[in-house]
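> Provide a 3D model corresponding to the input given below.
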Amino acid sequence: MSAKPTRKDARDNRERILTVAREELAASSNASLTAIAKRAGVGIGTLYRHFPTREALIMELYRHDLQHLIDLAPQLRDTHAPLTALRMWFDEVARYGRLKFGVAEVIHAATGNGQEDEFYGPFVQAIGTLLDAGAAEGTLKAGVDPEDVLLQLSVLWRIDPSRDGEARAERILNLVVDGLRAA
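Numbers count the residues shown, from 1 in each chain. Predicted coordinates for the structure are as follows:
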């Protein structure tokens, strides 16, 4: 027998909870689950049915956001010039970094400090997709290791968004992109 399909209202509630949680956790890593439920228009019991712990909610946001970034790389590569696609993707990574800033310790604990992260390989491949397109066009350096770029990007989730974080991320991404340009 197959599992009973999830009702539309339950799917809608789950999506609203995730949307609100992403915004609330980006604003403050101490956002309460009660406040998230209230703003999402659901009871706390509904939130807990979908996400039994704070960590479960954070990890679902992590999975959702990482998959979005992985899927976005080839889409951008196919619709924009390589350098533009890379920068647009980096900007999305920076937006994700604002969420991860406050909850990084939960994610690192749940993924064995990245060692057991199912998204690591696909994320590195997404970077490689964009780097390869730029190298083929001649706008980006050839032979750049995507893992090296990931290490550079990892600084984004260490930037405190409440302390001029967007401007700092912009400056850092400009440095990274400048370093990747072909001479």
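> in this structure, which ranges drop under the pLDDT threshold?
In the predicted model of the chain, residues 1-6, 101-106, 108-116 satisfy pLDDT under 70.
> just the helices in this protein please.
When secondary structure is read from DSSP state H, the chain shows helices at 8-27, 33-40, 44-50, 54-79, 82-110, 120-137, 146-153, 165-180.
> Does anything pack onto the shortest one? Which helices or strands?
With contacts defined as 3 or more CB pairs under 8 Å, 6 or more residues apart in numbering; DSSP states H and E, the secondary structure elements packing on helix 44-50 are helix 8-27, helix 33-40. Any C-beta I mention is one placed from the backbone N, CA and C, and that applies to glycine too.
> With T84 as the reference, name the closest of those helices.
Shortest separation from T84 across the helices and strands packed on helix 44-50 is recorded for helix 8-27, at 25.3 Å, computed as CB to CB.
> Buried residues in the closest one, which are they?
Neighbour counts over helix 8-27 (16 or more other CB atoms under 10 Å) mark 13-14, 16-18, 20-22, 24-26 as buried.
> now swap in stretch 173-183 and tell me
Of the residues in stretch 173-183, those buried by neighbour count under the rule 16+ other CB under 10 Å are 173, 176, 180.
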